[in-house]
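Q: Task: produce atomic coordinates for the following.
(chains A and B)
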Protein chains: 2
Amino acid sequence: MTQLEAARAGNITKEMEEVAHSEGKTPEDIMRHLAAGRLVIPNNINRKARLVGIGEGLRTKVNASIGTSPDIINVDDEIDKALAAEEAGADVLMELSTGGDLDAIRKKVLSASNLSIGSVPLYQAFKEAIDRYKDPNKLTDDLLFDVIERQLADGISFMAVHCSINRLTIERLHRQGYRHGGLVSRGGAYMVGWMEANGRENPLYEHFDRVVELMKKYDAVLSLGNGLRAGAIHDSLDRAQVQELLISCELAEIGQDMGCQMMCEGPGHLPLEDIEANVKLQKRMSNGAPFYVLGPLTTDVAAGYDHISAAIGAAEAARYGADLICYVTPAEHLALPNKEDVIEGVRAARVATHAGDLVKLKNTGRDLAMAHARRDLDWDAQFKNSLFPERAEEIRASRSPEKPETCTMCGSFCSLDNVNDYFKESLKAGKKEKGVCL
Amino acid sequence: MTQLEAARAGNITKEMEEVAHSEGKTPEDIMRHLAAGRLVIPNNINRKARLVGIGEGLRTKVNASIGTSPDIINVDDEIDKALAAEEAGADVLMELSTGGDLDAIRKKVLSASNLSIGSVPLYQAFKEAIDRYKDPNKLTDDLLFDVIERQLADGISFMAVHCSINRLTIERLHRQGYRHGGLVSRGGAYMVGWMEANGRENPLYEHFDRVVELMKKYDAVLSLGNGLRAGAIHDSLDRAQVQELLISCELAEIGQDMGCQMMCEGPGHLPLEDIEANVKLQKRMSNGAPFYVLGPLTTDVAAGYDHISAAIGAAEAARYGADLICYVTPAEHLALPNKEDVIEGVRAARVATHAGDLVKLKNTGRDLAMAHARRDLDWDAQFKNSLFPERAEEIRASRSPEKPETCTMCGSFCSLDNVNDYFKESLKAGKKEKGVCL
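A: Numbering: from 1, shown residues only, chains lettered A, B, ... in the order given. Take a look at the predicted model:
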């Protein structure tokens, strides 16, 4: 029985209890949202991991992607990155290796990390087709489904599978006749190439029930990949990708009806003004299925600082209802991220999801505690309420003030230290919690 | 004659021509917006600087603030920071020293930098009152106006002056009865303290005409300081600060009627959902005067990463019409920023203003060129169109791919390199500029 089937039968599982506990919700709440298809718990019957819920009413989650590339194959480095991502506060991890012995690397990362781990099986499927047949377009249905099951059997908890690129979607792409940024999803681009070369329907769409049954067998989440996602601001919300999103939302419903936990994926690159529309479109067309967005990057020209371009978009996406954010690192568009890039990427995404959740969830207690700690110059409380206490302490300690209650920005000129005494009565006492629902 | 007076008389000055040239506008456009009070050019008859325009129709500008504190007084470091900020792309600079010989430091920074430089004269005024009388509340009107003129005579081009904190504003603060984050503006807090201690109206409000005449004498911009700005998410748009903003908008109109270039300042800390309202309120109440916002920070708990918390807010503020963004550095709330912090702060703000300007100005040509450069794997064009070409080249060069047309993220598995050939005709040719107004 999958989490979704259990929820629909009115059963509360230990997985639901774990998520309820970590989110401060009741298990009934989690069950109800799961049953409605508005919340998923990435899981795998073959692997014990720290579980998180993704969806309505819950804190927006952050995914960190790691993995080798054909150019840089060092499993120890990838394990370091996986552990660093976890330490920096990533909620889930995707293992996206494309270089080296993919089965062996995946097993090692799965055994090193405590997080629920996702994958994109098309990478390995096309790589094995290239290794065997020297041609990705010789990929067979059997090999494709074999790779999916192999990854699930190892303990993968959620999978980005590009089921929604079908002949209809490709027709839209051809009729549209342009793509400023080209096709930037590797899984998506290779699959479109395969379909064109073979003149066939996408086997992941044609045999969608087979994909769903595999996910159900392991209680994993099927995340409908965004193969035509915009890789440039000017491709945002173009007809090709909206067609694919529409099919994703349709498949999400079909998959849920079959008892499988489902999630949809989104862009990519979006100007600030398109983010609200994109999130609302997905939520409406899927009846509220969890939405997993990559970035979104709000400008194309910030290479080296794309974690900030993406944090801007992620905050906006979370605000309007995105449930899981894939981090972007400073190395995006330039190179395989290193460990420092992974840490900066996770932290930027966490600032963004928190800023979005302040609006989406009205979970503002931690910010209120920080406001009071700052007003009262209580540094212990300031560090305690920081998202990144170690980093904050490190900066402060690197430049210590003469008056320990201040900082070196203002020192003895600190307005809070000197002037706020005038207002102690009227600004601190009695009314301080006014209008705040804790 | 000030820039505003010249514009109202229908004269195009060389300053307007310089701004028109750098923005790709006609001098008549600049003159018209200046005359309407919707655009300012920070200037000073005593100092030649690289001029920028701030306001309607123009690229959103970035300010970097530097300056000593009582704890850390090293003029060479501040000059290094000023030059680093300019190099990183700051449009204007504020010299906000509060430690050491303030006159000497200001003169040195003014002579080292090419940028237009702003100040907050209340810092020096209160510091000199403390030095002379051991009590900031003994500050006299004469000393206050003497400091303002001294700074202008040295070549300061725009000044944040806290004219809008008046008895009416303070009454609102008392009746409101709370301030979660206290008073965080140093100039504002000291002025409120002075008014309470002396039982007097703010001399900057009472003698507003004297402030305006001083600014006009040097052709500088009077930026109405935001003394009660929110220093915490929970103080966003509280009655005290909206009262002050209302007075700022009223004074902006009065100052313009007197022939002075005017700008209003805003917060501070704002949740994502309040930014649009804040910007629209200022624009409506001031009839479109330029708006200078600090941050805004979208969460209180990101210490160490406040440049990202602020970049999220700055993008949203720019999108809705903010004209000048004060950067926030990673050291915010913790320590005086060092040179690295200054560079990171400027770059984060530039990503944000660009993301906002994509929506506000529809200036999307650079992003389109980048999209095509990425699609075509043209790395020279990618670096050329980057906001930070050196940083981008450095990251790519640190991890070189085997196939030089790819990067180490995907290497030989690059979708653009391998798959997009299928679509060369339909996705590159002919229709590629469709819907794009260049």
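Q: In space, what's closest to A:Ala82 - neighbours in sequence excluded?
A: Spatially, and ignoring its direct neighbours in sequence, A:Ala82 is nearest to A:Ser113 (4.7 Å; C-beta to C-beta, 6 or more residues apart in numbering or on different chains). All C-beta spots, glycine's among them, are computed from the backbone N, C-alpha and C.
Q: Number of residues surrounding that neighbour?
A: The tally of other residues near A:Ser113 (other C-beta atoms under 10 Å in any protein chain shown) stands at 21.
Q: Contacts only, for it.
A: A:49, A:79, A:82-83, A:86, A:93 (C-beta atoms under 8 Å, 6 or more residues apart in numbering or on different chains).
Q: One more: A:Gln382?
A: Applying C-beta under 8 Å, 6+ apart to A:Gln382 gives the contacts A:370, A:373-374, A:392, B:303, B:333.
Q: got the contact list for A:Arg350?
A: A:Arg350 neighbours (C-beta under 8 Å, 6+ apart): A:62, A:88-89, A:387.
Q: Now do the SS call for it.
A: Three-state call for A:Arg350 (DSSP: H, G, I helix; E, B strand; the rest coil): helix.
Q: circling back to that earlier point, just the buried subset of the contacts of A:Gln382, please.
A: With burial judged by 16 or more other C-beta atoms under 10 Å in any protein chain shown, the buried subset of the contacts of A:Gln382 is A:370, A:373-374, A:392, B:303, B:333.
Q: which among those gets closest to B:Gly199?
A: The nearest member of these to B:Gly199, counting by C-beta to C-beta, is A:Arg374 at 29.1 Å.
Q: Check which residues of stretch A:190-205 are buried.
A: For stretch A:190-205, a neighbour-count test (16+ other C-beta under 10 Å) marks A:190-195, A:202-205 as buried.
Q: brain fart, stretch A:76-88
A: Within stretch A:76-88, the residues that count as buried by 16+ other C-beta under 10 Å are A:78-86, A:88.
Q: sorry, back to before: for chain B, state which of the buried residues of stretch A:190-205 is nearest.
A: Among the buried residues of stretch A:190-205, A:Gly193 lies closest to chain B (C-beta to the nearest C-beta), at 4.3 Å.
Q: hang on, that closest one in a helix?
A: Yes: the assignment for A:Gly193 by three-state DSSP puts it in a helix.
Q: what's the spacing between it and A:Leu251?
A: 21 Å (C-beta to C-beta, to the nearest Å).
Q: Same question for A:Ala36.
A: A:Ala36 sits 17 Å away from A:Leu251, going by C-beta to C-beta.
Q: Between those two, which is the more surrounded one?
A: Taking neighbours as other C-beta under 10 Å, A:Ala36 and A:Leu251 compare with A:Leu251 leading, 25 against 17.
Q: picking up where we left off before, pick out the most distant pair among the contacts of A:Ser113.
A: The most widely separated members of those, counting by C-beta to C-beta, are A:Ala49 and A:Ile79 (15.5 Å).
Q: List the contacts of A:Arg391.
A: Contacts of A:Arg391 (C-beta under 8 Å, 6+ apart): A:347, B:303-305.
Q: switch the cut-off to 10 Å
A: Counting by C-beta atoms under 10 Å, 6 or more residues apart in numbering or on different chains, A:Arg391 makes contact with A:88, A:343, A:347, B:302-305, B:330, B:334.
Q: again, but for A:Ser286
A: Contact criterion C-beta under 10 Å, 6+ apart gives A:37-38, A:224, A:245-246, A:248-253, A:256, A:262-264 as the residues in contact with A:Ser286.
Q: Just the ones of the residues you listed in strands?
A: With DSSP state E as the criterion, strands contain A:224, A:262-264 from among those.
Q: top of the residues you listed by neighbour count?
A: A:Leu224 (31 neighbours).
Q: That one against A:Gln261, yeah?
A: No: using C-beta atoms under 10 Å, A:Leu224 makes no contact with A:Gln261, being 11.7 Å away.
Q: between those two, what contacts are shared?
A: Both A:Leu224 and A:Gln261 are contacted by A:255, A:289, under the criterion C-beta under 10 Å, 6+ apart.
Q: Show me the helices in the stretch 1-150 of chain A, by range?
A: Applying DSSP state H, counting those that start in this stretch to the stretch 1-150 of chain A gives helices spanning A:3-8, A:14-23, A:27-35, A:75-88, A:102-112, A:121-133, A:141-154.
Q: returning to what we had before: so which of the contacts of A:Arg391 sit within helices?
A: A:88, A:343, A:347 (DSSP state H).
Q: wait, what's in contact with the first one?
A: The one in question is A:Ala88. Per C-beta under 10 Å, 6+ apart, neighbours of A:Ala88: A:62, A:64, A:327, A:339, A:342-347, A:349-350, A:388, A:391.
Q: Likewise for the second one?
A: Contact analysis of A:Ile343 by C-beta under 10 Å, 6+ apart lists A:64, A:81, A:84-85, A:87-90, A:329, A:337, A:388, A:391.
Q: how does it look with 7 Å?
A: A:Ile343 sits next to A:84, A:88 when contact means C-beta atoms under 7 Å, 6 or more residues apart in numbering or on different chains.
Q: for chain B, what are the nearby residues on the stretch 201-350 of chain A?
A: Contact residues (C-beta under 7 Å from any C-beta of the partner chain) of the stretch 201-350 of chain A with chain B: A:231-234, A:271-273, A:298-305, A:308-309, A:311-312, A:315, A:319, A:330-331, A:333-336, A:347-348.
Q: Sticking with the nearest residue in space to A:Gly304 that is not next to it in sequence, tell me its helix or strand.
A: Excluding the flanking residues, the one nearest A:Gly304 by C-beta to C-beta, 6+ apart is B:Arg391, at 3.7 Å. Per DSSP states H and E: B:Arg391 is located in helix B:389-398.
Q: I'd like the average pLDDT over that helix.
A: Average pLDDT, helix B:389-398: 94.
Q: what comes up buried for it?
A: Going by 16+ other C-beta under 10 Å, helix B:389-398 has these buried residues: B:389, B:391-393, B:395-396.
Q: quick one on the thing from earlier: farthest-apart pair in the contacts of A:Ser286, please.
A: Checked with C-beta to C-beta, these reach their widest spread between A:Arg38 and A:Leu246, with 18.9 Å between them.
Q: domains for chain A, by residue range?
A: By the assignment in automatic domain parsing, chain A contains the domains A:1-36, A:43-52+A:59-360, A:365-434.
Q: Give me the distance between the two termini of the first one.
A: Looking back up the chat, that one is domain A:1-36. 16 Å (C-alpha to C-alpha, to the nearest Å).
Q: how far does it sit from the chain's center?
A: Mean C-alpha position of domain A:1-36 versus that of the full chain (C-alpha atoms, centre = their mean, to the nearest Å) differs by 21 Å.
Q: which residues does the nearest residue to A:Ile12 once chain neighbours are set aside contact?
A: Distances taken as C-beta to C-beta, 6+ apart place A:Pro27 nearest to A:Ile12, at 4.5 Å, with adjacent residues excluded. A:Pro27 sits next to A:12, A:16-17, A:20 when contact means C-beta under 7 Å, 6+ apart.
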